[in-house]
Structures are given as structure tokens and as C-alpha cells.
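1. based on what follows, work out the 3D shape:
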Amino acid sequence: MLENPRSPRVRAVAKLTKRSARTETGLFLLEGPQAVREALSYRPEAIVELFATPTAWDKHGDLRQAAADAEVRFEYVTEFVLAAMADTVTPQGVVAVARQMPTSVRDIFAASPRLVAICEEIRDPGNLGTIIRAADATGADAVVLTGRTVDLYNPKVVRSTTGSLFHLPVSVGGELTDVVERAHAAGLQVVAADVKGDDLLAARAEGVLARPTAWLFGNEARGLEEPALGLADRALRLPIFGRAESLNLATAASVCLYESAFAQRA
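-> Numbers count the residues shown, from 1 in each chain. So this is what the prediction gives:
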């Protein structure tokens, strides 16, 4: 059992809360039984180290079985050690170190996708994680992050995906111009979500959303800048029927992705 919260090994894990350490090592931090469960189920080869308190390990028998099935070894740690490793204030007793596993933009569009989310300059980790989760829920084929978007492996992003990070391909660091060119070459229309765009309900009636689509989502505060909007084939906005000033980005993205998912399955 690891008992010293100040040991070099514990400090190495704790450093993964910092982007510089993640970039240097190619590793990232997984916290909580749900994230670890999804990693063990879908990408067990990504798990490098697995730590748990005795209480948590006894509680989550499915994790014990999944780790055994995947031949992933775990190590007991004290509550103090786990707290030193984790990014959250109240960790849930299980932490893992995993390898980063982004998919290339080329491979994403070579797979003939029908629904993709492109994230341009999204800064809030919670928003990005929720969009990845929504993309997973809607059956989207992939998520593409441009270079100005928050780090995919930021602990809050990872937590916000609730395991969806391991369910679908995600690309990082691409230039938006290149991403849009590849989307077009793969036969997708690029639709920007923008408050100045056309009414989404009218586009729905026209059957626009049934086509293979790459949705383009922009910054939480500024939206998409004009050069980015200019790359899209069209822009659509969600109608607001009440008195709300606007919708949260992740909420709006979820609705847009579901509209496409419904239309493509009709």
C-alpha cells in the first residue's frame, strides 16, 4: 500500500493536473469509478496505473472484475495519498493514470462519418466535456478540437465526459481551415451554430439536417469569429421562445447534435 502522500510516485501522479506535465509525459489523470470503469471496458490498454483505497475497491466489485479481465494491476493507497493524487476536493476512492489517445483528423474523416462536432476555441472545460458526452449520446461519429480549444485531457474535461471520452474518436490540435477542408472532402456539410444564423426550424423543414453534417461550435463568450463563420456552408440558430437571453454553449450544442441525429434517423 502507498502510504506517503509526499513520495515521488504520488507527486508524479498529482502533477498530471498540470498541462505541462501531461504534455511532457503523454499521460493524463482519471478520477472516480465511472471514468475508470469506462476506460477498463473500452480502452483497457490505455491504463498505465490504477490506484484505489481498500474501502472503494471493496465497494466496486465490477471494477475489480474488469481490472482482472483486462489484466490491469492495481495498488492500494490510503485516503491521504488518494487525496494528494486527485484534482477534486472529494475524490471517490479510485484514480488511474492513462495514456493520451487522440485520433488523427485524417483518420476521422477517412471513416466516412455522418455526424461530427467541431469545437473551435471552446475554453470552458465543463462545456467541452459535456459536448463530448452529448456527441456520444447522439451517436456522433467523432469530435474534433481545434488548436485553440481547451486541453482534452484537462481533469475537468475528462470528468465532464463521464467516460464518453473512451467511446468515440476525438482529434486534437487541428487547424480549423484544414478540418473544414477534410469535412468537405468527406462529403459533409459544415453547419455553424451561431445566433445570427438562419432559423433551425426552417432548416429542419427543408431536410437540411438529414445530410451528413459537421456542426461547428465556437467560443462561449464571442461565438465564432467571422473567418470561422466564412468557412461554414451555412449558419443556424436555435429559436428562443421564452425570455432567456441565450443558451449555454453545451446545451445549445446538445440540441443541435440531437436535431441532426433525429433527422438522419427519420
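
2. for the helix or strand where Y258 lies, packing partners?
-> According to DSSP states H and E, Y258 maps onto helix 249-265. Here helix 249-265 touches strand 115-119, helix 125-137, strand 189-199, helix 200-206, strand 213-217, going by 3 or more C-beta pairs under 8 Å, 6 or more residues apart in numbering; DSSP states H and E. From N, CA and C alone the C-beta is placed, and that goes for glycine too.

3. mind checking which of the ones you listed is nearest R9?
-> Proximity to R9 (C-beta to C-beta) singles out helix 125-137 among the helices and strands packed on helix 249-265, at 26.2 Å.

4. confidence score at R73?
-> Note on R73: pLDDT of 90.

5. make that E245, sorry
-> Looking at E245, the pLDDT reads 88.

6. so how many other residues sit close to L128?
-> L128 has 29 neighbours, counted by other C-beta atoms under 10 Å.

7. and it, how far is that from G139?
-> Relative to G139, L128 is positioned 19 Å away (C-beta to C-beta, to the nearest Å).

8. before we move on, the earlier item: may I see the buried residues of the helix holding Y258?
-> By neighbour count with 16 or more other C-beta atoms under 10 Å, helix 249-265 contains the buried residues 249-250, 252-254, 256-257, 259-261, 263-264.

9. cool, and stretch 142-159?
-> 142-146, 149-159.

10. quick one: A84 is in a helix?
-> Yes: assigned with DSSP: H, G, I helix; E, B strand; the rest coil, A84 falls within a helix.

11. contacting residues around it?
-> Counting by C-beta atoms under 8 Å, 6 or more residues apart in numbering, A84 makes contact with 5-6, 10-11, 14.

12. run the last query once more with 10 Å
-> Each residue near A84 by C-beta atoms under 10 Å, 6 or more residues apart in numbering is listed here: 2, 4-7, 10-11, 13-14, 77-78, 91.

13. alpha carbons of stretch 233-240, in CSV - could you do that?
-> Below are the C-alpha coordinates for stretch 233-240, written out as CSV (Å, rounded to 0.1, in the frame of the first residue of the first chain):
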residue,chain,number,x,y,z
ASP,A,233,-21.7,26.3,-45.6
ARG,A,234,-24.4,27.9,-43.5
ALA,A,235,-25.2,29.1,-40.0
LEU,A,236,-28.2,28.1,-38.0
ARG,A,237,-29.5,29.4,-34.7
LEU,A,238,-31.8,27.9,-32.1
PRO,A,239,-35.0,29.8,-31.6
ILE,A,240,-35.7,31.1,-28.1
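
14. got the buried residues for that stretch?
-> Buried, per 16+ other C-beta under 10 Å, within stretch 233-240: 233, 235-238.

15. avg pLDDT for that stretch?
-> Rounded mean pLDDT across stretch 233-240 is 96.

16. same check on stretch 2-9?
-> Here the average pLDDT along stretch 2-9 is 94.

17. quick check: end-to-end length of that stretch?
-> Terminal residues of stretch 2-9 are spaced 9 Å apart (C-alpha to C-alpha, to the nearest Å).

18. that stretch: how far from the chain's middle?
-> Relative to the centre of its chain, stretch 2-9 is centred 30 Å away, using C-alpha atoms, centre = their mean, to the nearest Å.

19. adding mean pLDDT, write the helices and strands packed on helix 249-265 out as CSV.
-> CSV is the format used below for these (pLDDT from 0 to 100):
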stretch, mean pLDDT
strand 115-119, 98
helix 125-137, 98
strand 189-199, 96
helix 200-206, 93
strand 213-217, 98
